[in-house]
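> Please find the sequence and the predicted model below.
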Number of protein chains: 2
Amino acid sequence: MPRQFPKVTLSEAEEETQLLNDLVTKLKYMALKRSYLGYIYMSLSCSLQITVEDYEQAAKSLFKALLIREKYSKLAYHRFCRTTAQFLRNAENMRWSEDDEVLPGRMCTFCITLKKEKNNSLYITITPLWPSDICPCPTDGEDPYRMENIPENLNYELRMKDGIVHVYDNAETLRANKPHDLPYPDLETFAIDLSHVLAMIADGPTKTYCHRRLNFLCSKFYLHEMLNEMAELKELKSVPHRDFYNVRKVDTHIHAAACMSQKHLLTFIQKTYETDADRVVLEKAGQKMTLQQVFHSLNKDPYDLTVDSLDVHAGRQTFHRFDKFNSKYNPVGASELREIFLKTDNLIDGEYFARIIKEVAHDLEESKYQHAEPRLSIYGRSPDEWDSLSKWFIQHKVHSPNMRWIIQVPRIYDIFKSRKLVPNFAKMLENVFLPLFEATVNPQDHKELHVFLKYVSGFDSVDDESKHSDHMFSFRSPKPEQWTGDNNPPYSYYLFHMYANIMVLNNLRKERGLSTFQFRPHCGEAGSITHLVSAFLTADNISHGLNLKKSPVLQYLYYLAQVPIAMSPLSNNSLFLEYSKNPLREFLHKGLCVSLSTDDPMQFHYTKEPLMEEYAIAAQLWKLSTCDVCEIARNSVLQSGLSHQEKKHFLGVNYPKDGPGGNDIRRTNVAQIRMAYRHETLCNELSFIVDAVKSETMAS
Amino acid sequence: MPRQFPKVTLSEAEEETQLLNDLVTKLKYMALKRSYLGYIYMSLSCSLQITVEDYEQAAKSLFKALLIREKYSKLAYHRFCRTTAQFLRNAENMRWSEDDEVLPGRMCTFCITLKKEKNNSLYITITPLWPSDICPCPTDGEDPYRMENIPENLNYELRMKDGIVHVYDNAETLRANKPHDLPYPDLETFAIDLSHVLAMIADGPTKTYCHRRLNFLCSKFYLHEMLNEMAELKELKSVPHRDFYNVRKVDTHIHAAACMSQKHLLTFIQKTYETDADRVVLEKAGQKMTLQQVFHSLNKDPYDLTVDSLDVHAGRQTFHRFDKFNSKYNPVGASELREIFLKTDNLIDGEYFARIIKEVAHDLEESKYQHAEPRLSIYGRSPDEWDSLSKWFIQHKVHSPNMRWIIQVPRIYDIFKSRKLVPNFAKMLENVFLPLFEATVNPQDHKELHVFLKYVSGFDSVDDESKHSDHMFSFRSPKPEQWTGDNNPPYSYYLFHMYANIMVLNNLRKERGLSTFQFRPHCGEAGSITHLVSAFLTADNISHGLNLKKSPVLQYLYYLAQVPIAMSPLSNNSLFLEYSKNPLREFLHKGLCVSLSTDDPMQFHYTKEPLMEEYAIAAQLWKLSTCDVCEIARNSVLQSGLSHQEKKHFLGVNYPKDGPGGNDIRRTNVAQIRMAYRHETLCNELSFIVDAVKSETMAS
């Protein structure tokens, strides 16, 4: 049951800011008497300053939007904030139960195997299976690449229909068009839900309401900081053996092809050349070339190469030039070196790329407390990509306990189409998703992919968001099979179809007791704010989210639903938004669930520890307190695809609980005062909405 | 001879900015035809926009101020910008000659020693001595602590007089009050010189002139950047094997007691406790205590210590609170731990402090390209401090090829006086300087100090500049012997007396062929801008210089004389000035000789590479180009106390020459276009002043 809060209604004529100022002196005195100011904040926060009608309309809209997100989250086994869910149930006069929650590692089943030893004695092994444990980690000493206990072939039939893979029990049900009992998303419903939220972000009263609430959240945090900063610090000082340096941090958004620093890449190329100059590494125009020949053709001596001539670092030239940024991925401006060193499926089977990634992983393991979730690409050019990628992963033993993998799908149908690699958009989706369904239905024939998928925690959708699309996505949009033109589909179209396939896939995998995937697209880095609406429905969490700056309604919704946002202010600083204008600090203060990530250390960072550099700069520039940075680090673990077991280990056994009860300060180094503040503040905001909805229900 | 520049006079009615805008298009076209835009800049820069009378008055004042600085620089064997000196000679219709210049390692003498080997054969060893080579580095394989070839005792007599050590050839000349022939500074002259510059920084026409020139320098650099950025980058890309990561960088301002990161100190304390828990490390109230007892008395378990409980990092609490900042030097707020771990003269002879400094030095040596100039304290409480410090240095073998030492003297006479440790200010000066004179006159009796001084490159004056002093320094001020009150002397009083002693000492040491010292005070971090006037006369170079923001005349003078400034924006950000308001970027653009330094990594930095963190943040936040950061790194080497040999090695053999001729791009990675721009711009500014002075001379 959500907590009940005492209410004090203040005269509407009083201006909120005025009110705050007047109360500061009073509060300071009261603060001396109590360390915990929940009640006082409550009293302040009930002056809404809009008419009752507007308030009710806004609350109703927000309530509906939250229900919509909850629906899509549940369908796809995405996570949804527990506190928010509890308030939603309360508004509907229903009981919330833990069983409603999609939470990794709750439903535990067991796998029993019989094993005959050499001495003919029979052993029974009982292995617990954590079906929803998104990305289980092999236990110590276990071979992470072992191909045992692989589930049987189900002999299901698979067909792509309207861009979504459908599953049939057998050829007969396929003929009868009776798909296996899984929830298949319905474009029409989705389009209606989307348009509801789209309409709402432009609705006057809702905008005013959200704007005011957000302003209030800001002022309230400022007050909290003034009054409790020292108390928080005192709490942290008394925590033994835990500080910012040894709390777990996850780099929640990083691209594998740029996960090393520029200096690291340079040294790696030079080191490789020393031993492998005569190795054939590239085939160009039918001709095989050694590393030496490649450098000769580029007119470069690897020894003389420098960070300057390598030229993979973003500079002033890349600001608002995503194209230039993309071309920086080519060392010395040559696609040959990218092909040799930064690709998985080249002439040397991606050996160098695997090696350099393993060096990065080694550094993370050394640091012990740093983790990363690198993005590897699946393009959808051909159906072989998955086999090739998983073969690369297994062959080079790329797994690291400090890394979880995310698959990024670039939104570049138009390029493939113009090169006649795919006939329509459905084919691209099929290339991306059908192999995953096949590996789920029949892992026996896709053992490598089956094993690789254990370490994949989700999907990302990537490309330049600022590119404009002429098409407006609606339920009248052509189906992917009919999308045969040269134009690229719009962002929302991509997102819906990726979500739809991931959702069906997750349900199928859940049925089989296999891991599920989170959808974690890039969103709100640039371009239209409608992208953030699509992701609000379809994404477990997002990267960037800068454009939440521009829409108070969306920002408030992301707050209420506690949608995690992986922010990369140094990346933004080189591409889209100056550091000083980055909203991270403001989002953090308001209570949005933000984490810090590097995006592309090769392009943006200078030191040997890019994630620490990212934290250091944020801490310095925004004068973040230890509690602030530890809160960000905690958010990063929550947001990540780390397993339930790992999260329990890193954050405390009760981590799925919101508020101080879910926080183990000895592990997170986040003050309980802060946790209480965040929880009460969220409850307070949600209670306004629930009250409005309930009073309306009673009236009707 | 200075270069002659063509002049074009533009109508005064045209506004400079308007003019600049109009010319951009034209310039861009012309830029295509030539990589080098000197001439065009010249044409622009001749529109001064003030009346001829004001211009002449301003130029005359600036000229005089430069002559004053040159005089004091020469007297103390400080460096003075060569180009500026050349223009000054030109104005006086004199010939400039290289011999006028105080430059390390020019005057080379030889030391010839005879050595008898075991087989009775006689060897003659000729060792070159670099008398002005401020800090000679032992050659490979040479024992840096060896005590051979120590000069003889000169049996001079030494007396402190008016706070300045005077040297007498023998007891007789002492009685006759005929000091040895060295230049002794004259307080009256100094006070007059000081007041001239003080008057001038408030002079209307001079202020206008300097303000306009500085604005112009800004706009001009902006133009330069727009037009030449890509050309500079192209130059750098073509330099083999040299980039920002392997150009030499000197951390020109760092305090030894805070030269390690907070995490490093924490780990060091924990590691030490593991082995040394039972070692007696402290004597408190007559009682000897083991490390374990110390921690017990503090109620702390070293294993549970964290960065938070250590509490040595500056935070929001230190902003404008130098007192709080100072107390952060006490780990866990306990002076005991500071005494044990961060002092040279404690019960364990500073063993732990030496060890942790050597760990920091080891990291620098590993990095190869990073150097540091840590400050060690001499307080002037007692005359034994020098012996104790040099014993510590030799005993623990603290020398590192990547470190040069600077002695910091805190301005805390008032504290010593109130504790009755010194009777007057002269005694404090005597404690600081007399031992150095003694070691210079009679190194045989002060062998350890003699050896230690080889690695000391200068003196720093440190404390909170924002403390106000009631006394106004003038030639009527009481002499140091008469300064018996409890009040602290003002900043200028400290600076003059430190300068005076260093000056006499340098002349004495020069006579003996020994190394000389640079005076490198903290200056302009806070407090009155008059501090910057004192340092303009007395300092070789300064740390901070923030307050140059507030005085256009001083800023322009520091530019014209190219006084090096070690800036620490992260330190300022925690203490006196927000990062975004730091003038470093602006100073760099205008052409002031600025370097980057960390000040106190323990208090301000987060990563394992504090100097790289400092550079990274500056580069990210101010979007500095590679050429910019390499220029800063080059400045840091120039500013440092590294030897002539080392500077030749790090910057190129012609480094004392200004302009592109002095730059070896293969070592510095600074574009020649940039060097040419800087040189021509400085020449142009100087030529205005010389022209005015010359035309006046002709007229009279």
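Perfect, I can see it now. Remember, predicted model here, so these are calculated numbers, not experimental data. Numbers count the residues shown, from 1 in each chain, chains lettered A, B, ... in the order given.

> Just give me how far stretch A:458-467 sits from the chain centre.
In terms of CA atoms, centre = their mean, to the nearest Å, the gap separating the centre of stretch A:458-467 from the centre of its chain is 12 Å.

> For the top helix by length along chain A, name the packing helices and strands.
What stands out as the longest helix in chain A, according to DSSP state H, is helix A:204-237. Helices and strands touching helix A:204-237, as assessed by 3 or more CB pairs under 8 Å, 6 or more residues apart in numbering or on different chains; DSSP states H and E, comprise helix A:16-33, helix A:38-44, helix A:52-75, helix A:552-560, helix A:584-590, helix A:626-639, helix A:672-699, helix B:307-310. Quick note: C-beta positions are derived from backbone N, CA and C, even for glycine.

> of those helices, which approaches A:Ile357 most closely?
Taking CB to CB, helix A:626-639 is the member of the helices and strands packed on helix A:204-237 nearest to A:Ile357, at 20.1 Å.

> and the direction of the longest helix of chain A versus that of helix A:552-560, what angle?
40 degrees (axes from the mean of the first three to the mean of the last three CA atoms, to 10 degrees).

> and of the helices and strands packed on helix A:204-237, who's closest to B:Met698?
helix A:584-590 (61.5 Å).

> Could you give the average pLDDT over that closest one?
On average, the pLDDT along helix A:584-590 is 98.

> which residues are in contact with that helix?
The contact list for helix A:584-590 (CB atoms under 8 Å, 6 or more residues apart in numbering or on different chains) reads A:214, A:217-218, A:221-222, A:545, A:548, A:555, A:559, A:565, A:567, A:569, A:594, A:596, A:618, A:622, A:624, A:628, A:631-632.

> how about the longest helix of chain A: buried residues?
Within helix A:204-237, the residues scored as buried using 16 or more other CB atoms under 10 Å in any protein chain shown are A:205-214, A:216-217, A:219-221, A:223-225, A:227-229, A:231-233, A:235-237.

> and if you look at stretch A:547-560?
Under 16+ other CB under 10 Å, the buried positions of stretch A:547-560 are A:547-549, A:551-560.

> which of these lies closest to A:Pro331?
A:Asn547 (31.8 Å).

> Find the nearest non-adjacent residue to that closest one, please.
A:Gly524 (4.0 Å; CB to CB, 6 or more residues apart in numbering or on different chains).

> residues contacting the one you found?
Taking CB under 8 Å, 6+ apart, one finds A:465, A:531-532, A:535, A:542, A:544-548 in contact with A:Gly524.

> repeat for A:Leu158
So A:Leu158 contacts A:165-168, A:434, A:437-438, A:441 (CB under 8 Å, 6+ apart).

> Among these, name the ones in helices.
A:434, A:437-438, A:441.

> In a markdown table, list these along with pLDDT, neighbour count and distance to chain B.
Shown next, in a markdown table, are those (pLDDT from 0 to 100; neighbours: other CB atoms under 10 Å in any protein chain shown; distance: CB to the nearest CB, whole Å):
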| residue | pLDDT | neighbour count | distance to chain B |
| --- | --- | --- | --- |
| A:Leu434 | 98 | 18 | 43 |
| A:Phe437 | 98 | 22 | 44 |
| A:Glu438 | 97 | 18 | 45 |
| A:Val441 | 97 | 23 | 48 |
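
> so how far is A:Thr626 from A:Lys220?
From A:Lys220 across to A:Thr626, the span is 21 Å (CB to CB, to the nearest Å).

> Pipe the helices and strands packed on helix A:204-237 into CSV and attach distance to A:Glu609 per row.
Output for the helices and strands packed on helix A:204-237, formatted as CSV (distance: least, CB to CB, whole Å):
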stretch, distance to A:Glu609
helix A:16-33, 38
helix A:38-44, 38
helix A:52-75, 34
helix A:552-560, 29
helix A:584-590, 19
helix A:626-639, 14
helix A:672-699, 26
helix B:307-310, 16
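
> Nearest to A:Asp387, out of these?
Across those, closest to A:Asp387 is helix A:52-75 (CB to CB), at 28.8 Å.

> Would you pull up how far the following helix or strand past that closest one lies from the middle of the chain?
Going down the chain from helix A:52-75, the next helix or strand is helix A:82-91, by DSSP states H and E. From the chain centre to the centre of helix A:82-91 is a distance of 23 Å (CA atoms, centre = their mean).

> how is chain A carved up into domains?
A:12-104, A:262-342 (the TED database).

> Chain B contacts on the stretch 1-150 of chain A?
Proximity of the stretch 1-150 of chain A to chain B (CB under 8 Å from any CB of the partner chain) involves no residue at all.

> Find the residue ranges of the stretch 1-150 of chain A scoring beneath the pLDDT cut-off.
Residues of the stretch 1-150 of chain A that meet the criterion pLDDT under 70 lie in A:1-49, A:102-137.

> and the closest residue to A:Leu342 other than its chain neighbours, how many neighbours does it have?
Nearest non-adjacent residue to A:Leu342, counting by CB to CB, 6+ apart: A:Ala257, 4.5 Å away. Using other CB atoms under 10 Å in any protein chain shown, the number of residues around A:Ala257 comes to 22.

> who's in contact with A:Ala257?
A:329, A:338, A:342-343, A:353, A:377, A:602.

> Could you give the backbone dihedrals for it?
Main-chain torsions, A:Ala257, degrees, to the nearest 10: phi -70, psi -10.

> Distance check, it against B:Glu430.
For A:Ala257, the distance to B:Glu430 - CB to CB - is 66 Å.

> again with A:Glu696
86 Å.

> When those two are compared, which one has more neighbours?
Relative neighbour count places B:Glu430 above the other of A:Glu696 and B:Glu430, with 23 against 15, counting by other CB under 10 Å.

> For that one, give its distance to B:Arg381.
For B:Glu430 relative to B:Arg381 (CB to CB), the value is 11 Å.

> Check A:Cys593 too.
55 Å.

> Pretty sure A:Asn431 sits against A:Ser382.
Yes. A:Asn431 is within contact range of A:Ser382, at 5.9 Å (criterion: CB atoms under 8 Å).

> More neighbours: these two, which one.
The neighbour comparison of A:Asn431 against A:Ser382 (other CB under 10 Å) goes to A:Asn431, with 22 against 14.

> For that one, which residues are in contact?
A:379-383, A:385, A:422.

> Quick check: phi and psi on A:Gln370?
The phi/psi pair for A:Gln370 (degrees, to the nearest 10) is phi -110, psi 140.

> Distance check, it against chain B.
A:Gln370 is 12 Å from chain B, where distance means CB to the nearest CB, to the nearest Å.

> One more: A:Thr598?
12 Å.

> what's around the closest residue to that residue other than its chain neighbours, how many residues?
Leaving aside its chain neighbours, A:Thr598 sits nearest to A:Pro610 (4.6 Å; criterion: CB to CB, 6+ apart). For A:Pro610, the neighbour count with other CB under 10 Å is 30.

> Would you agree A:Pro610 is in contact with A:Asp599?
No. Using CB under 8 Å, A:Pro610 makes no contact with A:Asp599, being 9.4 Å away.

> Export the buried residues of stretch A:547-560 as CSV, with columns for pLDDT.
Formatted as CSV, the buried residues of stretch A:547-560 follow (pLDDT from 0 to 100):
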residue, pLDDT
A:Asn547, 97
A:Leu548, 98
A:Lys549, 96
A:Ser551, 96
A:Pro552, 97
A:Val553, 97
A:Leu554, 98
A:Gln555, 98
A:Tyr556, 98
A:Leu557, 98
A:Tyr558, 98
A:Tyr559, 98
A:Leu560, 98
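
> ok, those vs B:Ala176, which is closest?
Of the buried residues of stretch A:547-560, the one sitting nearest to B:Ala176 (CB to CB) turns out to be A:Lys549, at 80.8 Å.

> Regarding that closest one, what is its secondary structure?
helix (DSSP: H, G, I helix; E, B strand; the rest coil).

> May I have the residues that are in contact with it?
A:555, A:583.

> hmm, back to that, now do the contacts for the residue nearest to A:Thr598.
Per CB under 8 Å, 6+ apart, neighbours of A:Pro610: A:251, A:261, A:598, A:601, A:604.
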